[in-house]
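**Student:** Got a predicted structure plus its sequence, pasted below:
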Amino acid sequence: MHATTTTLTERRELSAIAYGFIGSKALFAALELDLFTRLDSGRATTEQLCACTSVARNRLQTLLHALTALGLLDHDGAGYANGPAAARWLVRGAPSGFGEYFRLQIGRQIYPALTHLDAGLAGTGAAFDTLAGLLSSPEEAATFTDAQHAGSLGAARALAERIGPAVDGAGRLLDVGGGSGAFSIALCERHPALRATVLDLPAVVEVAGRYRDAAGLSARIDLLAADAVRDPWPADQDVVLLSYLLSAVGDAEIDVVLAKARDCLAPGGLLVVHDFALDDHGAGPTAAALWFLQYVAYHPDTVSFSAGALAERLRGHGFTVLARGELIPGITAALSARSPS
Ligand SMILES: C[S@@+](CC[C@H](N)C(=O)[O-])C[C@H]1O[C@@H](n2cnc3c(N)ncnc32)[C@H](O)[C@@H]1O
């Protein structure tokens, strides 16, 4: 685990935290202008970038200076070019592209939601009265889910690879809070006999249908519009997957979800949990700790947890934990467990 236990001593380190949001917004603004994609074909002058973005020279120049100072762009006498990280991850349509995730989910939804963090901490209000509140709007659900798909594909493939042997021979997978269905798609592609159901809120499963059909899996992935906490789940599942669901719901709802997972699994069925995870001391990793914190702006009853604490919670619901380990370095963990036989 990538524990962050260093405490700060320098004022400039405090400044980096305090001003960090300005850099975040510079990145999101550049993504909205599609600057990195425009620079994919080669170096461009400020004038050329003004012409294609229609932003006034003085304002665009200031943004270009900021992006260069942040290390996203490189500047020389012939103009601006993408730096290596921007070229690899921020160009729209690149195989490893991550820009749409940053632009849509982080820039358009989480960034504004965080202005509600103080009210969330005080318990006097939340950004959208839970994530489900935000996702009840078809437009917001599409923005969130398209972004999540871009953000989850890599993790989905990595998880499918890791749990492959445990899923071999399984017939039915229930992907609860499955979002775009990225994990169901990756698992169905790897296991030709597997059929999946993506359970998520109505506006989200609409979007999942698009990704399922584009992957050629319409006959093997069903969509179920439901509230994971309040509505019944289909029974006799061989595998239940909870990816980024437990961090998004309230503390008491975690127990409701785990009990439903146990009850809908066939005896000895496989539960797979993939979520943000703190190290065992809770001192980091930084990215995981901050991801848990942003949920407080949405839902006052969310909690943060380590993989070890989650494993204990699974045992409390009768599961036998098989394995746990980091999936996205410094951010998430994956746990697998068997339901009681
Ligand atoms: C961060 S997204 C993760 C999506 C997907 N599992 C993935 O890993 O790519 C969390 C998902 O949980 C869903 N969700 C949150 N609360 C839910 C609830 N009460 N019922 C059903 N889905 C819910 C959201 O709609 C969203 O699609």
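**Tutor:** Structure received. Numbers count the residues shown, from 1 in each chain.

**Student:** unless I'm mixing things up, Ala86 is touching Asp40, no?
**Tutor:** No. Taking contact to mean C-beta atoms under 8 Å, the distance of 9.4 Å between Ala86 and Asp40 leaves them out of contact. For glycine as for every other residue, the C-beta is placed from the backbone atoms N, C-alpha and C.

**Student:** Local confidence estimate at Ala126?
**Tutor:** The predicted structure scores Ala126 at 81 on the pLDDT scale.

**Student:** Make sure it is indeed in a strand.
**Tutor:** No. Residue state for Ala126 (DSSP: H, G, I helix; E, B strand; the rest coil) corresponds to coil; a strand is not indicated.

**Student:** so who does it touch?
**Tutor:** Contacts of Ala126 were listed using C-beta atoms under 8 Å, 6 or more residues apart in numbering, and they are 116, 119-120, 133, 297-300.

**Student:** Model confidence score at the closest residue to Gly107 other than its chain neighbours, please.
**Tutor:** With C-beta to C-beta, 6 or more residues apart in numbering as the measure, Phe28 is the residue that lies nearest to Gly107, at 3.2 Å, once sequence neighbours are left out. Turning to Phe28, the model gives it a pLDDT of 98.

**Student:** try Asp129
**Tutor:** Reported pLDDT at Asp129 in the predicted model: 69.

**Student:** got it, and the one 10 residues further on?
**Tutor:** According to the prediction, Glu139 has pLDDT 91.

**Student:** That one and Phe102, how far apart?
**Tutor:** When distances are taken as C-beta to C-beta, to the nearest Å, Glu139 and Phe102 turn out to be 19 Å apart.

**Student:** so where's the stretch 1-150 of the chain uncertain?
**Tutor:** Across the stretch 1-150 of the chain, the stretches falling below the confidence threshold (pLDDT under 70) are 1-5, 129.

**Student:** Go through the chain and flag its longest helix.
**Tutor:** With secondary structure taken from DSSP state H, the chain has its longest helix at helix 138-167.

**Student:** Show me how far that one is from its chain's centre.
**Tutor:** What separates the centre of helix 138-167 from the centre of its chain is 8 Å, taken as C-alpha atoms, centre = their mean, to the nearest Å.

**Student:** could you point out which element follows it?
**Tutor:** Under the assignment DSSP states H and E, the closest C-terminal helix or strand after helix 138-167 is strand 172-176.

**Student:** what are the pairing partners of that following strand, and which direction each?
**Tutor:** Strand pairing for strand 172-176, determined by DSSP bridges: strand 195-200 (parallel), strand 237-243 (parallel).

**Student:** Let me have these in CSV, extended by mean neighbour count and mean pLDDT.
**Tutor:** As requested, the strands paired with strand 172-176 are arranged in CSV below (neighbours: other C-beta atoms under 10 Å; pLDDT from 0 to 100):
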stretch, mean neighbour count, mean pLDDT
strand 195-200, 24, 98
strand 237-243, 25, 98
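
**Student:** For the ligand, what's the nearest residue on the stretch 101-250 of the chain?
**Tutor:** Taking C-beta to the nearest ligand atom as the measure, the stretch 101-250 of the chain has Gly179 as its residue closest to the ligand, at 2.6 Å.

**Student:** just checking, that residue touches Asp200?
**Tutor:** Yes. Under the contact definition of C-beta under 8 Å, Gly179 touches Asp200, with a separation of 6.1 Å.

**Student:** so what sits against both of those two?
**Tutor:** Overlap of the contact sets of Gly179 and Asp200 (by C-beta under 8 Å, 6+ apart) consists of Ala208.

**Student:** one step back: for the residue of the stretch 101-250 of the chain closest to the ligand, list the residues it contacts.
**Tutor:** If a contact means C-beta under 8 Å, 6+ apart, then Gly179 has 145, 148-149, 152, 198, 200, 204, 208, 243-244 as its contacts.
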